[in-house]
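Novice: A structural model of the following input is requested.
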Amino acid sequence: MKASPTLASNLQMVLTDLIELHMQGKQAHWNIVGTNFRDLHLQLDEITASARLFADQAAERMRALHALPDGRSKTVASDTRLEEFPGGLVSTKDAVKLVTARLERTAKTMRDVHDEVDDEDPTSADLLHAAIERLEQLAWMVNAEAMAASAPVTQAAEK
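Specialist: Modelled structure (predicted):
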């Protein structure tokens, strides 16, 4: 099977955002400071590993479909849908918000192209399913770092 220009373009969008997610994850990993530093530092390693794996799978799938993946820095910088990660030191509190937003945005790119990908190549759509599931799980886990639990309401409190 050969990818149509639409399928190739959709997979390239996914690839671009995954490469950018990997790079931004490393930027955050190296420059976060503050409360729960170690936990977030280790979570960022998980995120970058997942982004690298999914980027490699997307690029290799493109090659299997006779499409040409473009992971050059110039292409990634100009085509990513992720906002630029700030330079310098970033507090863990801010990093949680920034990283969660980027994980969610990368998953959104996959959801945005999913139906067109699935129509032409269900196998490529399966790769998207696995990536979406993992990225959304990682977003939940990172975001939980900044969440506070509410006190549960008991029947005695309601009376």
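Novice: who's in contact with Arg61?
Specialist: 11, 123-124, 127 (Cβ atoms under 8 Å, 6 or more residues apart in numbering). (Each C-beta comes from the backbone N, C-alpha and C, glycine too.)
Novice: also Thr100?
Specialist: Here Thr100 is in contact with 139, 142-143 (Cβ under 8 Å, 6+ apart).
Novice: out of the residues you listed, which is nearest to Val76?
Specialist: Closest approach between the contacts of Thr100 and Val76, by Cβ to Cβ: Ala139, at 20.7 Å.
Novice: skipping adjacent residues, who's closest to the closest one in space?
Specialist: Leu103 (3.9 Å; Cβ to Cβ, 6 or more residues apart in numbering).
Novice: which helix or strand lies directly C-terminal to the helix or strand containing the one you found?
Specialist: Assigned by DSSP states H and E, Leu103 belongs to helix 92-120. As assigned by DSSP H and E, the chain's next helix or strand after helix 92-120 is helix 122-144.
Novice: identify all contacting residues around stretch 107-122.
Specialist: 1, 3-4, 6-7, 10-11, 13-14, 17, 65, 81, 124-125, 128, 131-132, 135-136, 139.
Novice: mark which of the residues you listed are buried, thanks.
Specialist: With burial judged by 16 or more other Cβ atoms under 10 Å, the buried subset of the contacts of stretch 107-122 is 3, 7, 10-11, 13-14, 17, 65, 124-125, 128, 131-132, 135-136, 139.
Novice: tell me where this protein is predicted with low confidence.
Specialist: 151-159 (pLDDT under 70).
Novice: and the two most separated of the contacts of Arg61?
Specialist: So, the contacts of Arg61 by Cβ to Cβ: farthest apart are Leu11 and Thr123, at 11.4 Å.
Novice: returning to what we had before: please tell me how far the residue nearest to Ala139 sits from Ala49.
Specialist: Computed as Cβ to Cβ, to the nearest Å, the Leu103 to Ala49 distance reads 13 Å.
Novice: sweet, I'm off.
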